[in-house]
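> Any chance you could fold what I've pasted below:
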Amino acid sequence: MKRTIIVLITLSIIFVLSFGCATRDYVRQQIEPLVDRISKLEARVSAVESKLGELEKKVGALSSDVEQAKKEAREAKTLAQDAMKVAKDCCEKAEGALAKAEAAAKRAEAAAERAEALAKKAETAGEKAKKAFELQQRK
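Prediction:
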């Protein structure tokens, strides 16, 4: 029985040791496809990183352009507001001048009507004086 146990233990140890070790060739066969895939992935990552660097540069340039555009827009808004104030002032002055011109036109019209009325009165008085003169001449 001792002999059977020793044979069984020896066979078990041989069996376990025969499956536990991998050869170098086997490991290379298993790693080679992974190395190719990792190399391709590294190339893609470096390409993506370079594109990312370019995009970061473009974003930096665009942000400075945006800031410049905002500054110019603020300046344009200020100029437009100033122009609006000047236009309002001119309109108010023009309205005032228009009101004065309308008042002067009304006064001139009233003076013209009075002058016409006086001219009619003078004409009537002239006709009366003419008739009176004619009547005196006849007497």
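
> Output the below-cut-off pLDDT ranges for the chain.
15-22, 138-139 (pLDDT under 70).

> And the strands in it?
Counting by DSSP state E, no segments of the chain form strands.

> which one's the longest helix in it?
The helix that spans the most residues within the chain, counting by DSSP state H, is helix 24-138.

> tell me what that one is packed against?
Here helix 24-138 touches no other helix or strand, going by 3 or more CB pairs under 8 Å, 6 or more residues apart in numbering; DSSP states H and E. Where you see a C-beta, it was placed from the backbone N, CA and C, and this is true even at glycine.

> Now find how far off-centre that helix is within its chain.
16 Å (CA atoms, centre = their mean, to the nearest Å).

> i'd like the first residue to be 391 from this point on
Renumbered: residue one is now 391, and that last one reads helix 414-528.

> Just the CA atoms of stretch 519-529, as CSV, please.
Output of stretch 519-529 as CSV, limited to C-alpha atoms (Å, rounded to 0.1, in the frame of the first residue of the first chain):
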residue,chain,number,x,y,z
ALA,A,519,-63.7,159.6,-51.4
LYS,A,520,-64.0,159.4,-55.2
LYS,A,521,-67.8,159.6,-55.1
ALA,A,522,-67.6,162.4,-52.6
PHE,A,523,-65.2,164.3,-54.8
GLU,A,524,-67.4,163.7,-57.8
LEU,A,525,-70.4,165.0,-55.8
GLN,A,526,-68.6,168.1,-54.8
GLN,A,527,-67.5,168.7,-58.3
ARG,A,528,-71.1,168.6,-59.5
LYS,A,529,-72.3,171.0,-56.9
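
> from the middle of its chain, how far away would that stretch be?
Its chain's C-alpha centre and that of stretch 519-529 lie 91 Å apart, by CA atoms, centre = their mean.

> So what's the residue count around residue 446?
10 (other CB atoms under 10 Å).

> same question, residue 451
Neighbour tally, residue 451, other CB under 10 Å: 10.
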